[in-house]
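Chemist: Quick check, what structure comes out for this input:
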Amino acid sequence: MYVSDLITDFLESLEVENGRSKYTVRNYEVYLYRLVEFGGDDLKPADITVEWLRKYRLWLNRYQTPQHKGLSVTTQAYHLIALRGFLKYLARRNVKSLDQTLVDLPRTHRPQVTFLHVDEVDEILEQIPRDNETGLRDRAILELLFSSGLRVSELINLNKDSINLERKEFVVRGKGQKDRPVFISDSAAEAITDYLDERKDSLPALFLNNSRNQPLTGTNGGYRRLTPRSVERIIEKYVRKAGITKHVSPHTLRHSFATDLLMNGADLRSVQAMLGHSDISTTQIYTHVTDPQLREAHKRFHSDISSK
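Modeler: From the prediction side, this is the model:
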């Protein structure tokens with residue numbers, strides 16, 4: 001059986017068995033068909049050896065897109081992550097090929113995380129009016145994002161009955177169709193309650209697009225839901241009013257949520273669970289917070305021989 005045929009089977013299993021989103025499956029398809037582009041239509045699983053992998057990695061490093069651009073180290077890593085997953089799938093099917101543990105990933109620079117301090121979040125919230133429905137909605141959105149660490153895609157898909165405002169918790173289905181518990185602060189629960197009390201509609205969506213161009217009909221609320229870009233614009237507007245010059249997006253508030261937890265003593269594993277990261281290495285981008293704390297702890301508590 002050829003690799004091209006097995007890739008199709010693997011992509012179907014990602015969607016059906018693993019519950020991956022169509023966006024993720026599409027990315028895997030792009031990355032994996034580069035295997036065929038390099039190895040040819042007659043490439044077989046047994047052809048993928050350590051030496052073949054070495055040549056493939058060299059080919060990726062020299063690859064040029066139609067726009068004459070090379071692949072970044074991060075993009076090359078995504079290709080190899082997809083290859084690992086594919087080889088693992090072959091092993092489960094008892095198809096002879098390279099052991100996925102032999103596929104090493106290139107070293108990448110740890111991304112710089114932009115986050116807001118609590119006083120900056122407060123300053124942004126101060127810019128939001130509380131005397132109209134749109135302002136109450138916008139305040140509830142920012143309070144909820146900072147309080148919960150939700151992804152923007154998770155936020156816009158929430159319904160009014162998704163959140164237990166008395167218990168201040170709910171369950172959200174995130175990446176990979178995995179459920180995780182989400183907890184919110186008193187101020188976030190209060191902001192959501194104020195917004196819902198102002199609403200006069202019976203649509204199920206938690207947050208509505210108040211644009212006059214949006215039809216009021218639609219029993220499922222789909223017509224009135226905010227889009228990710230709408231949420232970005234809402235945040236950008238109040239960040240600008242607050243005079244904050246750093247780039248702030250919905251994901252910045254997710255970073256701020258995680259950073260605030262760590263600065264207040266939460267451990268990395270707990271933050272991983274609250275963010276819904278399947279791999280602890282993803283959460284480790286936040287060690288920009290813990291590194292200075294470790295340095296300060298060392299300075300305060302470790303004995304200095306020369307001072308004795």
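Chemist: can you list the domain ranges for this protein.
Modeler: Each domain of the chain is listed here as a residue range: 3-102, 118-295, per automatic domain parsing.
Chemist: Turn the ones you listed into JSON lines, including mean pLDDT, mean neighbour count and distance to residue 112.
Modeler: (C-beta placed from N, C-alpha, C; glycine too.) Converted to JSON lines, the domains of the chain look like this (pLDDT from 0 to 100; neighbours: other Cβ atoms under 10 Å; distance: least, Cβ to Cβ, whole Å):
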{"stretch": "domain 3-102", "mean pLDDT": "91", "mean neighbour count": "15", "distance to residue 112": "13"}
{"stretch": "domain 118-295", "mean pLDDT": "87", "mean neighbour count": "16", "distance to residue 112": "8"}
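Chemist: Setting aside sequence neighbours, what's the nearest residue to residue 103?
Modeler: Sequence neighbours aside, residue 84 is the residue nearest to residue 103 in space, at 4.9 Å (criterion: Cβ to Cβ, 6 or more residues apart in numbering).
Chemist: Surely the one you found is in contact with residue 100?
Modeler: Yes: contact between residue 84 and residue 100 holds when scored by Cβ atoms under 8 Å: they sit 4.6 Å apart.
Chemist: Which strands or helices does the strand or helix carrying residue 190 pack on?
Modeler: Using DSSP states H and E, residue 190 maps to helix 186-198. Packing contacts for helix 186-198, counted by 3 or more Cβ pairs under 8 Å, 6 or more residues apart in numbering; DSSP states H and E, involve helix 133-148.
Chemist: Show me what secondary structure element comes after the helix it packs on.
Modeler: Counting by DSSP H and E, the element after helix 133-148 in chain order, helix or strand, is helix 152-156.
Chemist: The helix or strand that that next one is followed by: how far from the chain's middle?
Modeler: Note on helix 152-156: by DSSP H and E, the next helix or strand toward the C-terminus is strand 169-173. With Cα atoms, centre = their mean, to the nearest Å as the basis, strand 169-173 stands 16 Å off its chain's centre.
Chemist: Compute the inter-axis angle for strand 169-173 and helix 133-148.
Modeler: If you take axes from the mean of the first three to the mean of the last three Cα atoms, to 10 degrees, strand 169-173 sits at 80 degrees to helix 133-148.
Chemist: which residues are in contact with strand 169-173?
Modeler: Here strand 169-173 makes contact (Cβ atoms under 8 Å, 6 or more residues apart in numbering) with 150, 154, 158, 162-164, 179-184, 276.
Chemist: So the closest residue to residue 149 other than its chain neighbours: helix, strand or coil?
Modeler: Using Cβ to Cβ, 6+ apart and skipping residues adjacent in sequence, the residue nearest residue 149 is residue 257, 3.6 Å away. Counting by DSSP: H, G, I helix; E, B strand; the rest coil, the backbone at residue 257 sits in helix.
Chemist: can you check residue 67 too?
Modeler: Under three-state DSSP, residue 67 falls in the coil class.
Chemist: Equivalent analysis for residue 115, please.
Modeler: Strictly by three-state DSSP, residue 115 counts as coil.
Chemist: which residues touch it?
Modeler: By Cβ under 8 Å, 6+ apart, the residues touching residue 115 are 252, 255, 256, 258, 259.
Chemist: so, if you compare those residues, which one comes nearest to residue 71?
Modeler: If you rank the contacts of residue 115 by distance to residue 71 using Cβ to Cβ, residue 255 comes first, at 26.0 Å.
Chemist: related to what we said a few turns ago, any idea of the angle the helix holding residue 190 forms with strand 169-173?
Modeler: Counting by the same axes, to 10 degrees, helix 186-198 points 80 degrees away from the direction of strand 169-173.
Chemist: which element follows helix 186-198 toward the C-terminus?
Modeler: Downstream of helix 186-198, the next assigned helix or strand under DSSP H and E is helix 228-241.
Chemist: re earlier: in the contacts of strand 169-173, find the pair that's most separated.
Modeler: 164 and 276 (18.6 Å).
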